[in-house]
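In: Predicted model, plus sequence, below.
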Amino acid sequence: MQPEIAKLLLDMKNAVERIERYVRGKAFVDYQNDDMLRSAVERQFEIIGEAMTRLTKIDPQFAQRISDYRKISGFRNALIHGYDSIDDKISWGVITTKLGTLAKEIDALSKE
């Protein structure tokens, strides 16, 4: 594996772990009512999305091995460019339904 790909995977893994740590023990209502928590989570999603975008440019075939790789980059773009219209339900949904899968895929790819 190219060193740059390994670094991008590590960046994504670290961001996923941060999100998991930030929301541990929290409910959606906690997320909605805590602007610092939302900001912290959104920043980590931006890092994941940017790393995915770079990975896609470096090695598109490798990036395609991650579920929803295009949606991950698109979510980053929505967070950055549509900052004023972010739907907390969507962000929380990604946390609760997609983040675990992404973590597993990153771990598996990192071991290659």
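Out: Looks like it arrived, so ask away. Numbers count the residues shown, from 1 in each chain.
In: Count the neighbours of Arg43 for me.
Out: Using other Cβ atoms under 10 Å, Arg43 is surrounded by 15 other residues. C-beta: built from backbone N, CA, C; applies to glycine.
In: sec struct for it, please.
Out: Remark: Arg43 carries the secondary structure label helix [criterion: DSSP: H, G, I helix; E, B strand; the rest coil].
In: For the remainder of this discussion, apply numbering that starts at 20.
Out: Got it, first residue is 20 now, which makes that one Arg62.
In: Who are the contact partners of it?
Out: Contact analysis of Arg62 by Cβ atoms under 8 Å, 6 or more residues apart in numbering lists nothing.
In: Which strands or helices does the helix or strand harbouring Gly112 pack on?
Out: Using DSSP states H and E, Gly112 sits in helix 107-116. Packing partners of helix 107-116 (3 or more Cβ pairs under 8 Å, 6 or more residues apart in numbering; DSSP states H and E): helix 47-52, helix 54-77.
In: let's go with 10 Å and repeat that
Out: helix 22-42, helix 47-52, helix 54-77, helix 88-100 (3 or more Cβ pairs under 10 Å, 6 or more residues apart in numbering; DSSP states H and E).
In: I am finished for the moment; much appreciated.
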